[in-house]
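Peer 1: Would you be able to build a 3D model of this:
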Amino acid sequence: MNPSVLGHYYEDFVEGEVIQHALSKTIFESDNNLFSLLTMNHHPLHTNADYAKKNQQGKILVVGTLVFSLAVGITVPDISGKAIANLDYESVKHLHPVFIGDTLYVRTTVLEKRASTSKKDRGIVYVESVAYNQDGVAVLSFRRHVLLKKKNDA
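Peer 2: Prediction:
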């Protein structure tokens, strides 16, 4: 058996490639509660079933930044495991509500890549990730630039 590989080098990425990430995560009530407490997001839509029942969705909503954090985490083994840095996150869009019990999956498209102009041992990969639920409904999307090591200079 080969050991797990964490991340890939700059050269491994191909523009236009779509990566279906192997990891997934069902969001439990405890995940949402802990994240709400840790981030001091005490909005009752995330923590109060009675309040949530009386509002638009009729049930507790998962904190949007938890969904974002999980989506990023799911991509780490394939996208940023060998990263020097995530340079930015942009165009974060919450596309559909996420509820307790939903399972997140993520796929990432490599939009472009370019070698660093200042240091020859690295390059920048620009990707877009889309998280979707168990029904195939897109719930979140975001783009980011990742600064990666090159193979020959690692």
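
Peer 1: Count the neighbours of residue 22 for me.
Peer 2: 10 (other CB atoms under 10 Å). Every residue, glycine included, has its C-beta placed from N, CA and C.

Peer 1: And it, what's its pLDDT?
Peer 2: Per-residue pLDDT puts residue 22 at 95.

Peer 1: and it, which of the three is it?
Peer 2: Of the three states, residue 22 takes coil under DSSP: H, G, I helix; E, B strand; the rest coil.

Peer 1: Check the closest residue to residue 9 other than its chain neighbours and give its pLDDT.
Peer 2: Excluding the flanking residues, the one nearest residue 9 by CB to CB, 6 or more residues apart in numbering is residue 151, at 4.4 Å. Per-residue confidence (pLDDT) for residue 151: 90.

Peer 1: before we move on, what about residue 154?
Peer 2: 53.

Peer 1: what stretches of the chain score poorly on pLDDT?
Peer 2: Low-confidence segments of the chain (pLDDT under 70): 153-154.

Peer 1: which ones are touching the residue nearest to residue 9?
Peer 2: Listed by CB atoms under 8 Å, 6 or more residues apart in numbering, the contact set of residue 151 reads 9-12.

Peer 1: For these, name the two members farthest from one another.
Peer 2: Farthest pair in the contacts of residue 151 (CB to CB) is 10 and 12. Separation: 7.2 Å.

Peer 1: When these two are compared, which one has more neighbours?
Peer 2: The neighbour comparison of residue 10 against residue 12 (other CB under 10 Å) goes to residue 10, with 26 against 15.

Peer 1: State the distance from the more buried one to residue 152.
Peer 2: According to CB to CB, to the nearest Å, residue 10 and residue 152 sit 10 Å apart.

Peer 1: Now do the helices in this protein.
Peer 2: 29-39, 44-47, 49-53, 64-75 (DSSP state H).

Peer 1: Out of those, which one sits most buried?
Peer 2: Comparing the helices of the chain by mean neighbour count (mean count of other CB atoms under 10 Å), helix 64-75 ranks first with a mean of 19.

Peer 1: got a list of contacts for that one?
Peer 2: By CB under 8 Å, 6+ apart, helix 64-75 touches 21, 23-25, 27, 31-32, 35, 39, 41, 89, 92, 94, 98, 104-106, 108, 129, 131, 139-140, 142.

Peer 1: I am finished for the moment; much appreciated.
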